[in-house]
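Asker: sequence plus predicted model, see below.
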Amino acid sequence: EWNWGRSRQDIIYYEVPVRDIVKQFDIPSERREQVANMVYVGVIAQLFGITLERIHLALLDNFNGKEKPVKMNYQVAEAAYHWTAENLTKQDRFYFQVMDKTQGKFLITGNEAAALGALFGGMTVTAWYPITPSTSLVDAVIEHLDLRKDPETGKNTVAVVQAEDEIAAIGIIVGAGWAGARAMTATSGPGISLMAEFTGLAYFAEIPIVIWDITRMGPSTGLPTRTSQGDILFAHFLGHGDTRHVCLLPGSVEECFEFGWRAFDLADQLQTPVFVLSDLDLGMNNWMSDAFQYPDEPLQRGKLLDKDTLEAFIAAKGEWYRYKDYDGDGIGYRTIPGTDHPRAAYFTRGTGHNEKAVYSERSEDWVANMARLRRKFETARKMVPRPEMIDNPAASVGLISYGSNDPAVREVRDMLAAQGIQTAYLRLRALPLTSEVEVFVTRYDRIYVIENNFDGQMHQILRMDLAEKSAHLYSLPLGDGLPMTPQWIYDQIMQQER
């Protein structure tokens with residue numbers, strides 16, 4: 001007889017003698033509390049129609065087929081299952097039913113998907129310092145290193161370095177990117193704070209690197225185990241001086257995989273740091289996914305000259321200068337250390353320089369270099385992933401969002417439609433903003449920008465980039481540490497639309 005009160009009327013209670021069931025078995029004392037959890041598994045299985053066979057298969061999978069732990073856990077679940085059948089009367093109407101709706105799908109976290117994408121994208125160096133919620137991304141890289149073992153020697157072709165801190169981690173990948181490697185780090189907001197100076201060096205010296213920011217709640221230590229989209233402005237403008245970075249914004253585990261390899265292509269082609277801004281919700285939680293699409297194009301290394309192509313370039317142009325814009329797109333041609341050509345070397349500079357990579361404090365050289373970097377940023381607008389746009393000729397309301405908000409936004413569109421409010425939807429997938437964004441914004445009377453941070457950071461970027469065309473944009477920021485919900489979005493929009 002249990003002496004406790006049922007304080008809520010909206011909950012169905014099932015009382016189970018957990019300790020009595022566990023006592024039937026000879027379980028080591030240090031394992032008893034853990035194995036006791038299997039009582040709940042057995043009870044739930046019986047109440048909701050899950051067969052013991054499926055419980056056994058799940059245990060085999062969880063313990064990699066090891067007979068001893070499987071037997072220890074299964075016997076408790078089985079006893080609880082039979083006790084429930086004999087002693088409990090089902091009071092609810094819910095059952096699990098076997099269906100084939102998930103045939104061909106699988107469960108995976110965004111962090112593991114990102115790791116697989118990076119490995120398929122030719123990554124050769126990863127350096128990081130552990131921090132929640134990004135650590136599991138590099139853990140997944142380590143777990144799947146076998147995908148990139150040399151088939152002849154059996155040796156790893158990817159170097160993974162746990163650095164002493166985030167400053168060292170990004171220093172390692174900047175050096176690796178300069179040397180020609182495809183190099184990546186993974187961190188969260190506090191780590192990005194420490195990476196600012198090296199990121200500025202990579203931006204100004206034009207060194208390709210990839211930085212995954214699995215965003216959590218800030219400022220400061222904040223809420224390490226809660227989700228956020230609060231690093232948008234920080235990452236996009238990271239670094240002192242006039243700096244703007246390319247940022248990719250995955251909205252699903254499929255896009256985590258895709259951006260895992262595509263970020264390296266963009267970094268190489270643009271010769272610049274590329275941020276991928278995921279978040280704790282997308283990164284650490286399991287999501288259902290279709291099979292990932294294998295990259296259908298070769299690695300894009302951009303304007304990278306080897307001995308032969310450098311010789312041909314000089315023959316055609318009569319020269320080669322590292323920071324000269326030969327094609328009008330703001331992107332120079334680069335070599336990597338060790339290129340076997342007498343004219344391949346240049347000074348990699350984070351200080352002021354001219355197009356020949358010569359140190360310069362002349363104002364005209366500085367302005368010319370910054371103007372070229374701005375042209376490169378404009379080139380990036382044409383290269384980054386395009387937004388997903390769902391137009392609606394019957395709508396006067398448009399919704400803009402990004403990242404893991406996508407499921408909530410899709411659901412709220414149905415909720416609003418049920419109230420007679422038709423909407424269009426644009427899901428941003430990258431910064432800088434592409435031309436489609438301006439088209440969408442000018443097409444609808446009222447635009448709501450939905451994001452999971454307190455200050456409406458993407459709304460600020462849209463207002464800055466679109467200026468006089470953005471007066472009808474309304475910010476709907478949340479930033480409460482939890483995933484975005486359709487009900488919250490619905491309530492905010494209905495307050496405006498009533």
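Answerer: Happy to help now that I have it. Only a predicted model underlies this, so the values are computations on that prediction, with no experimental measurement involved.

Asker: ok, longest helix in this protein?
Answerer: With DSSP state H setting the assignment, residue counts place helix 67-87 as the longest helix in the chain.

Asker: contact partners of the next helix or strand after that helix?
Answerer: Sequence-wise, the next helix or strand downstream of helix 67-87 (DSSP states H and E) is strand 106-109. Defining contact as Cβ atoms under 8 Å, 6 or more residues apart in numbering, one finds that strand 106-109 is touched by S136, A140, V253, G283, M284, N285, N286, W287, M288, S289, A291. C-beta: built from backbone N, CA, C; applies to glycine.

Asker: report the buried members of those.
Answerer: Neighbour counting by 16 or more other Cβ atoms under 10 Å classes S136, A140, V253, G283, M284, N285, W287, S289 among those as buried.

Asker: out of those, which one sits closest to R244?
Answerer: When the buried ones among the contacts of strand 106-109 are ranked by distance to R244 (Cβ to Cβ), G283 comes first, at 24.3 Å.

Asker: just the element for the closest one, please.
Answerer: Assigned by DSSP H and E, G283 falls within helix 280-284.

Asker: what is the mean pLDDT for that helix?
Answerer: Regarding helix 280-284, the rounded mean pLDDT is 98.

Asker: with distance to E438 added, can I get the buried ones among the contacts of strand 106-109 in a markdown table?
Answerer: Shown next, in a markdown table, are those (distance: Cβ to Cβ, whole Å):
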| residue | distance to E438 |
| --- | --- |
| S136 | 37 |
| A140 | 37 |
| V253 | 30 |
| G283 | 31 |
| M284 | 35 |
| N285 | 34 |
| W287 | 31 |
| S289 | 32 |
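
Asker: and which of the residues you listed is nearest to T348?
Answerer: Nearest to T348 among the buried ones among the contacts of strand 106-109, with distances taken as Cβ to Cβ, is A140, at 31.8 Å.

Asker: and the closest residue to that closest one other than its chain neighbours, what is it in contact with?
Answerer: Using Cβ to Cβ, 6 or more residues apart in numbering and skipping the chain neighbours, the partner closest in space to A140 is A115 (3.5 Å). Going by Cβ under 8 Å, 6+ apart, A115 touches L137, V138, A140, V141, E143, H144, G260.

Asker: let me have the contacts of strand 106-109 in CSV, adding secondary structure and distance to Q91 as columns.
Answerer: Below are the contacts of strand 106-109 laid out as CSV (DSSP: H, G, I helix; E, B strand; the rest coil; distance: Cβ to Cβ, whole Å):
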residue, secondary structure, distance to Q91
S136, helix, 39
A140, helix, 42
V253, helix, 37
G283, helix, 38
M284, helix, 34
N285, coil, 30
N286, strand, 30
W287, strand, 32
M288, strand, 30
S289, strand, 36
A291, coil, 41
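
Asker: okay if I get those as TSV plus distance to G328?
Answerer: Formatted as TSV, those follow (distance: Cβ to Cβ, whole Å):
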residue	distance to G328
S136	43
A140	40
V253	38
G283	38
M284	43
N285	44
N286	46
W287	42
M288	45
S289	40
A291	40
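
Asker: what pLDDT does the residue nearest to A140 get?
Answerer: On the pLDDT scale, A115 gets 98.

Asker: wait, a strand at it?
Answerer: No - assessed with DSSP: H, G, I helix; E, B strand; the rest coil, A115 is helix; it does not lie in a strand.

Asker: how much space separates it from E361?
Answerer: As defined by Cβ to Cβ, to the nearest Å, A115 lies at a distance of 44 Å from E361.

Asker: same thing with T348?
Answerer: Going from T348 to E361 by Cβ to Cβ gives 18 Å.

Asker: between the two, which is the more surrounded one?
Answerer: Ranked by neighbour count (other Cβ atoms under 10 Å), T348 and E361 place T348 first, with 17 against 9.

Asker: what sits against the more buried one?
Answerer: Neighbour list for T348: W178, A205, I207, A357 [criterion: Cβ under 8 Å, 6+ apart].

Asker: among the residues you listed, which are in helices?
Answerer: W178, A205.

Asker: and the contacts of T348, which is closest to G302?
Answerer: For those, the nearest to G302 is I207 (12.2 Å; Cβ to Cβ).

Asker: could you report the neighbour count for the closest one?
Answerer: Residues near I207, counting by other Cβ under 10 Å: 24.

Asker: that one and L201 touch, don't they?
Answerer: Yes - assessed by Cβ atoms under 8 Å, I207 is found in contact with L201 at 7.5 Å.

Asker: need the overlap of contacts for the two.
Answerer: Taking Cβ under 8 Å, 6+ apart as the contact rule, I207 and L201 both touch V174.

Asker: before we move on, the earlier item: let me know the closest of the buried ones among the contacts of strand 106-109 to F234.
Answerer: Looking across those and measuring by Cβ to Cβ, the closest to F234 is G283, at 17.2 Å.

Asker: the closest one contacts P133, correct?
Answerer: Yes - between G283 and P133 there is a contact at 5.5 Å, judged by Cβ under 8 Å.

Asker: anything in contact with each of the two?
Answerer: Joint contacts of G283 and P133 (Cβ under 8 Å, 6+ apart) are N111, I214.

Asker: circling back to that earlier point, which one of the contacts of A115 sits closest to W320?
Answerer: Checking these one by one against W320 (Cβ to Cβ), the nearest turns out to be G260, at 32.7 Å.

Asker: coming back round to it: please, a ChimeraX command that selects the buried ones among the contacts of A115?
Answerer: In ChimeraX syntax, the buried subset of those is picked out as below (16+ other Cβ under 10 Å):
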select :137,138,140,141,144,260
